[in-house]
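Asker: below are the sequence and a predicted model; questions follow.
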Amino acid sequence: MNWSLLFSFFADLAEGIPVTLAILASALSIGFVLGLLLCIVRLRRISIVSKLADFYVLFFRGTPLLVQLFAIYYGLGEFEFIRNSFAWPFLREAWFCAVLALGLNSAAFTSEIMRGGVLGVEKGQLEAAAAYGFSNFQTGRLILMPQAARIALPAYSNEIILMLKGTSLASTISIMDLTGIARKLSSEHFAPFEAFIAAGAIYLAMVLLLTAAFSTLEKRYA
């Protein structure tokens, strides 16, 4: 292995870190908001809407993320009504398609994590709050949400780490993120081992930072 070449790759790979983090932050934002809505609908069991939400979660949890990404990036353009819609200027962009695929996938897992957190709160505490005259808003803000968040935090931290690693799939649709630059360096220098070892080290460093941050949060709210 060429160590000098490996270390020289870090400077080039660093240019892909902002792209990777931007995709991650955007996808997690979509996933959190949509996941919260799905969680509410599934908990309230609103007739057919809840069944559609259940199917959404089943579909995105049960199919590979790469297939979802390809279906959005390559498949949606096959429909004329989509090409003629207001959304086409966004859907023809690789970056937006990557964020959309990751965000929709994250929403399914986030919904299940939130649902598990809410169901993990003892019903007796909610009944006690009602007996003391708490409003639904007070019960949710003071009792339900803090405990549900504490229960869901470890699982959600895993979801964020999985999404970080999932961003590497964006390179398959020509996005020059961390993995995309590693693939470019690999082909230019005929050094796939050095390029991807360096990229893997950067991913590992980011995962360790996230793990440490969430570990601190978990200890604080334990």
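Answerer: Sure, I can see it.
Asker: off-centre distance for the helix ranked longest in the chain?
Answerer: Ranked by number of residues, the top helix in the chain under DSSP state H is helix 192-221. Chain-centre distance of helix 192-221: 15 Å, with Cα atoms, centre = their mean, to the nearest Å.
Asker: next secondary structure after the helix or strand hosting Gly103?
Answerer: Per DSSP states H and E: Gly103 is located in helix 94-119. Sequence-wise, the next helix or strand downstream of helix 94-119 (DSSP H and E) is helix 123-131.
Asker: what's that following helix packed up against?
Answerer: Using 3 or more Cβ pairs under 8 Å, 6 or more residues apart in numbering; DSSP states H and E, the elements in contact with helix 123-131 are helix 136-139. For every residue, glycine as well, the C-beta is placed using N, CA and C.
Asker: quick one: the helix or strand just after the helix it packs on to helix 123-131, angle?
Answerer: Following helix 136-139 in sequence order, the next helix or strand is helix 145-166 (DSSP H and E). With axes from the mean of the first three to the mean of the last three Cα atoms, to 10 degrees defining the directions, helix 145-166 sits at 130 degrees from helix 123-131.
Asker: report the distance from helix 145-166 to the chain centre.
Answerer: Remark: helix 145-166 is offset 10 Å from the chain centroid, using Cα atoms, centre = their mean.
Asker: residues in contact with it?
Answerer: Helix 145-166 has contacts (Cβ atoms under 8 Å, 6 or more residues apart in numbering) with 20, 24, 27-28, 31, 65, 102, 105-106, 109-110, 113-114, 116-118, 120-121, 125, 203, 206-207, 210-211, 214, 217-218, 221-222.
Asker: just the mean pLDDT for the helix holding Gly103, thanks.
Answerer: Taken as a whole, helix 94-119 has an average pLDDT of 96.
Asker: just the buried residues of it, please?
Answerer: 94-115, 117-118 (16 or more other Cβ atoms under 10 Å).
Asker: ok, stretch 169-185 next?
Answerer: Neighbour-count burial for stretch 169-185, counted by 16+ other Cβ under 10 Å, picks out 169-173, 175-185.
Asker: can you dump the C-alpha coordinates of it into PDB?
Answerer: Taking Å, rounded to 0.1, in the frame of the first residue of the first chain, the C-alpha atoms of stretch 169-185 are listed here in PDB:
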ATOM      1  CA  LEU A 169     -25.100   5.900  -2.300                       C
ATOM      2  CA  ALA A 170     -25.500   9.400  -3.700                       C
ATOM      3  CA  SER A 171     -22.200   8.800  -5.500                       C
ATOM      4  CA  THR A 172     -24.000   6.300  -7.700                       C
ATOM      5  CA  ILE A 173     -26.000   9.100  -9.400                       C
ATOM      6  CA  SER A 174     -22.900  11.200 -10.100                       C
ATOM      7  CA  ILE A 175     -22.900  13.400  -6.900                       C
ATOM      8  CA  MET A 176     -19.400  14.300  -5.800                       C
ATOM      9  CA  ASP A 177     -19.700  13.600  -2.100                       C
ATOM     10  CA  LEU A 178     -17.100  11.900   0.000                       C
ATOM     11  CA  THR A 179     -17.600   8.500  -1.700                       C
ATOM     12  CA  GLY A 180     -17.900  10.200  -5.200                       C
ATOM     13  CA  ILE A 181     -14.500  11.900  -4.800                       C
ATOM     14  CA  ALA A 182     -13.000   8.600  -3.500                       C
ATOM     15  CA  ARG A 183     -14.300   6.800  -6.700                       C
ATOM     16  CA  LYS A 184     -12.800   9.600  -8.800                       C
ATOM     17  CA  LEU A 185      -9.400   9.400  -7.000                       C
END
